[in-house]
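A.B. asks: heads up, no residue letters with this:
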């Protein structure tokens, strides 16, 4: 009995977040996006609301987007322990599919990948950059020349709603 | 914050045909391909061979009909979800699966002889590569989900999951 009780005691003393399959600290690297957000352009024009929560046993950062025009979108982001890489899949009501991978970089999260826009394949680079004022800038850039030049197609700021 | 694609922004800036010469734009995700996976939609009880319950799956159309979304509750406590959408530029179906056991599964493919067949390579924690191949086949109001894996590049396959979907009561 004594031999068994000791390890059980140790398990009971662990903090609760250490129980699940996604207990590693890396799974929390994107937690700075969690919350209810108003999303606006740099000059203050509201473009939508984003609700971002931890789901599926703390393994997934799940996004629920509603734009001011009524469009909806969602994403799941997860740390892939095998490849030490963050992944995001984004889908929305205009038919966009964006598959991004990356990780923490210079205090922000940067993921890149490809998307289809009409018949074209574009490279995407998405950056989430926490600012000192509590806002988070989300910068979406695309490249149609294999990453040589980048165009900003979206540049917005998240503030707590 | 990606719902506003450039085209959509134009649509907001110049709504309702202010550019007179432009042809009517079809609604997003309205082509027949987007309906190819609709046979999976529903509220399902899932059993493994022998009839033992494997779990419950609620599969719904979301995001303006663009996405088939799965909400899985396994009998063993696994909860997970997937996004499934058609990519018209590449003419492929894509699935991203996530769950509370931490696995990320990325699959692509399409309809083949009436079945949806999606596959993808998954790097394992030990560095080896696992191929997942999942086949959904509708038959007599039910759907069979047959999941195979290969760790030798597709030469041999092992059955990872064989689930029969019946409408939940």
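C.D. replies: That came in fine, so what should we check first? Because the structure is predicted, anything quoted here is derived from the model rather than measured.
A.B. asks: burial count for the nearest residue to residue A:65 once chain neighbours are set aside?
C.D. replies: Excluding its sequence neighbours, the residue lying closest to residue A:65 (CB to CB, 6 or more residues apart in numbering or on different chains) is residue A:73, at 4.2 Å. C-betas here are computed from N, CA, C, even on glycine. Neighbour count for residue A:73, taken as other CB atoms under 10 Å in any protein chain shown: 27.
A.B. asks: quick one: stretch A:49-61 near chain B?
C.D. replies: Yes: using CB under 8 Å from any CB of the partner chain, stretch A:49-61 reaches chain B at A:50, A:55-60.
A.B. asks: which residues of chain B fall in helices?
C.D. replies: B:6-13 (DSSP state H).
A.B. asks: and residue B:71, how far from chain A?
C.D. replies: For residue B:71, the distance to chain A equals 10 Å [CB to the nearest CB, to the nearest Å].
A.B. asks: the residue nearest to that residue when sequence neighbours are not counted pairs with what?
C.D. replies: The shortest distance from residue B:71 to any non-neighbouring residue, by CB to CB, 6+ apart, is to residue B:58 (4.4 Å). Beta-bridge pairing for residue B:58 (DSSP bridges): residue B:43, residue B:71.
A.B. asks: tell me where the model's unsure across the chain.
C.D. replies: This is for chain A. A:1-19, A:118 (pLDDT under 70).
A.B. asks: I was thinking of chain B, sorry if that wasn't clear
C.D. replies: B:1-23.
A.B. asks: how about 80 then?
C.D. replies: Along chain B, segments meeting pLDDT under 80 span B:1-25, B:169.
A.B. asks: now the strands for it?
C.D. replies: Per DSSP state E, chain B carries strands over the ranges B:42-47, B:53-62, B:67-74, B:79-87, B:92-99, B:105-112, B:115-123, B:129-139, B:142-150, B:158-167.
A.B. asks: would JSON lines of these with distance to residue A:124 and mean neighbour count be doable?
C.D. replies: Shown next, in JSON lines, are the strands of chain B (distance: least, CB to CB, whole Å; neighbours: other CB atoms under 10 Å in any protein chain shown):
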{"stretch": "strand B:42-47", "distance to residue A:124": "33", "mean neighbour count": "18"}
{"stretch": "strand B:53-62", "distance to residue A:124": "22", "mean neighbour count": "17"}
{"stretch": "strand B:67-74", "distance to residue A:124": "18", "mean neighbour count": "19"}
{"stretch": "strand B:79-87", "distance to residue A:124": "14", "mean neighbour count": "22"}
{"stretch": "strand B:92-99", "distance to residue A:124": "15", "mean neighbour count": "23"}
{"stretch": "strand B:105-112", "distance to residue A:124": "16", "mean neighbour count": "17"}
{"stretch": "strand B:115-123", "distance to residue A:124": "20", "mean neighbour count": "18"}
{"stretch": "strand B:129-139", "distance to residue A:124": "25", "mean neighbour count": "17"}
{"stretch": "strand B:142-150", "distance to residue A:124": "30", "mean neighbour count": "17"}
{"stretch": "strand B:158-167", "distance to residue A:124": "32", "mean neighbour count": "14"}
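A.B. asks: and of those, who's closest to residue A:148?
C.D. replies: strand B:79-87 (24.3 Å; CB to CB).
A.B. asks: let's verify the residue positioned nearest the centre of chain A: helix, strand, or coil?
C.D. replies: With the centre of chain A defined as its mean C-alpha position, the nearest residue by CA atoms, centre = their mean is residue A:77, 5.2 Å away. Assigned with DSSP: H, G, I helix; E, B strand; the rest coil, residue A:77 falls in the strand class.
A.B. asks: how about stretch A:110-122, does it reach chain B?
C.D. replies: Yes: for stretch A:110-122, a contact with chain B is found by CB under 8 Å from any CB, at A:116-121.
A.B. asks: quick check, the residue nearest to residue A:65 in a strand?
C.D. replies: Yes: membership of residue A:73 in a strand is supported by three-state DSSP.
A.B. asks: list the contacts of it.
C.D. replies: Residues near residue A:73 by CB atoms under 8 Å, 6 or more residues apart in numbering or on different chains: A:63, A:65, A:67, A:90-93, A:96, B:2-3, B:63.
A.B. asks: now, these that are in helices?
C.D. replies: Per DSSP H, the subset of the contacts of residue A:73 in helices is empty.
A.B. asks: could those residues go into TSV alongside neighbour count and distance to residue B:113?
C.D. replies: Below are the contacts of residue A:73 laid out as TSV (neighbours: other CB atoms under 10 Å in any protein chain shown; distance: CB to CB, whole Å):
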residue	neighbour count	distance to residue B:113
A:63	22	36
A:65	25	37
A:67	23	39
A:90	25	31
A:91	27	27
A:92	28	31
A:93	24	31
A:96	23	29
B:2	26	35
B:3	26	36
B:63	24	28
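A.B. asks: now render these as TSV, adding distance to residue B:144.
C.D. replies: Listed next are the contacts of residue A:73 as TSV, based on distance: CB to CB, whole Å:
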residue	distance to residue B:144
A:63	32
A:65	34
A:67	38
A:90	30
A:91	26
A:92	30
A:93	30
A:96	31
B:2	35
B:3	35
B:63	27
